[in-house]
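[1] Okay, predicted coordinates and the sequence, questions at the end:
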Amino acid sequence: MEKSGRLLPVIVGLFVTSLLTANIIAVKLFVVAGIVLPAGVVIFPLSYLFGDVLTEVYGYAQARRVIWLGFICNLLMVVAVWIAQALPPAPFWTGQQAYEQILGFTPRLLAASFLAYLVGEFANSIVLAKLKVATRGRWLWSRTISSTVIGQGLDSAVFITVAFAGTGVPTLVPVILAQWLFKSAYEILATPLTYLIVTGLKRYEGLDPFDYQTNFSPIAGI
């Protein structure tokens, strides 16, 4: 069957949109069962779902390019927000303080977000690709869940630790666990959707790559 990749731009667009949206709405906090969570958890797990689809259907090398593309897009958004924030507001515009409160980034939180994204996404993609080889393409659910649990766990641990360690926040571990469990549960519940998308894409694209001899370095080939 002829290889295509015609729907790859759609998956890439959904991946990057999920990532950027999650970063924008994360400033809002909400409470579930007494646990405080950022609103970004509502959509951020979708970036892992589409990350799974990228690796499973198009291979790790393609997923690696998209992960770096997401990083660059996020960086571009942050730079644009910073520039807009620095522009002198019009005398009649009263939204400067609200703009800075909602869209402003502190350097530490920004560094934590970028580092957590790279660590989590690459861990997710590498684990899934290697498990695909180990399972000979069987048991997709085991690959998506395992990679998500590891990737989301590292993402939450890196972000919370880098962002808040040494700031006097005494409950880092419970916050890490809460985010990890919520994001992982979200992805597990979305497993039927992942199956549907992966099965449909493999049939449509005629692709089902195995990373037998792939260089898994995050910076290889870029």
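    That came through, no problem. All values reported here derive from a predicted model rather than from experimental measurement.
[2] quick one: the spatially most central residue of the chain and Gly40, what's the gap?
    The residue at the geometric middle of the chain, judged as the C-alpha nearest the mean C-alpha position with CA atoms, centre = their mean, is Ser47 (4.3 Å). Taking CB to CB, to the nearest Å as the measure, Ser47 and Gly40 are separated by 10 Å. Glycine gets a C-beta too; all of them are placed from N, C-alpha and C.
[3] Gly5 and Val53: what is the separation?
    Spatial separation of Gly5 from Val53 under the definition CB to CB is 13 Å.
[4] again, but for Pro192
    If you measure Pro192 against Val53 using CB to CB, the figure is 14 Å.
[5] Same check on Gln213?
    Here the distance between Gln213 and Val53 works out to 22 Å (CB to CB).
[6] do Phe71 as well
    As defined by CB to CB, Phe71 lies at a distance of 18 Å from Val53.
[7] Same drill for the two, tell me which one is more crowded.
    Neighbours were tallied for Phe71 and for Val53 using other CB atoms under 10 Å; the higher tally belongs to Val53 (23 against 16).
[8] And the host helix or strand of that one, what's buried?
    In the assignment (DSSP states H and E), Val53 maps to helix 44-53. Neighbour-count burial for helix 44-53 flags 44-53 (criterion: 16 or more other CB atoms under 10 Å).
[9] contacting residues for Pro45?
    148, 152, 183, 186-187, 190 (CB atoms under 8 Å, 6 or more residues apart in numbering).
[10] Who wins on neighbours among these?
    Thr148 (30 neighbours).
[11] so what's that residue scoring on pLDDT?
    What the model reports as pLDDT for Thr148 is 89.
[12] what helix or strand is it on?
    Per DSSP H and E: helix 140-164 holds Thr148.
[13] partners of the one helix or strand in the chain whose mean pLDDT sits lowest, with directions?
    Of all the helices and strands that make up the chain, strand 35-38 has the lowest average by mean pLDDT, DSSP states H and E, namely a mean of 76. Strand 35-38 has the following strand partners under DSSP bridges: strand 29-32 (antiparallel).
[14] shared neighbours, Ser47 and Gly40?
    Shared between the contact lists of Ser47 and Gly40 (criterion: CB under 8 Å, 6+ apart) are residues Ala22.
[15] separation between the closest residue to Phe182 other than its chain neighbours and Leu49?
    On the basis of CB to CB, 6 or more residues apart in numbering, the spatially nearest residue to Phe182 that is not a chain neighbour turns out to be Val41, at 5.5 Å. The span separating Val41 from Leu49 equals 13 Å under the rule CB to CB.
[16] where do the helices sit along the protein?
    Here the chain has its helices, by DSSP state H, at 8-25, 44-53, 60-86, 96-103, 107-134, 140-164, 172-189, 191-205.
[17] right, so those: which one is the most enclosed?
    Ranked by mean neighbour count under mean count of other CB atoms under 10 Å, the helices of the chain are led by helix 44-53, which reaches a mean of 25.
[18] If you compare the directions of that one and helix 191-205, what angle comes out?
    40 degrees (axes from the mean of the first three to the mean of the last three CA atoms, to 10 degrees).
[19] Measure how helix 44-53 sits relative to helix 8-25, angle-wise.
    Between helix 44-53 and helix 8-25, the angle formed by their directions is 160 degrees, by the same axes, to 10 degrees.
[20] Pull helix 44-53 out as PDB, backbone CA atoms only.
    The C-alpha coordinates for helix 44-53 follow below in PDB (Å, rounded to 0.1, in the frame of the first residue of the first chain):
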ATOM      1  CA  PHE A  44      -3.400  19.300  28.000                       C
ATOM      2  CA  PRO A  45      -3.800  15.400  28.000                       C
ATOM      3  CA  LEU A  46      -5.000  15.700  24.400                       C
ATOM      4  CA  SER A  47      -1.500  16.700  23.400                       C
ATOM      5  CA  TYR A  48      -0.400  13.300  24.800                       C
ATOM      6  CA  LEU A  49      -3.200  11.600  22.900                       C
ATOM      7  CA  PHE A  50      -2.200  13.200  19.600                       C
ATOM      8  CA  GLY A  51       1.500  12.600  20.500                       C
ATOM      9  CA  ASP A  52       0.600   8.900  20.900                       C
ATOM     10  CA  VAL A  53      -1.100   9.000  17.500                       C
END
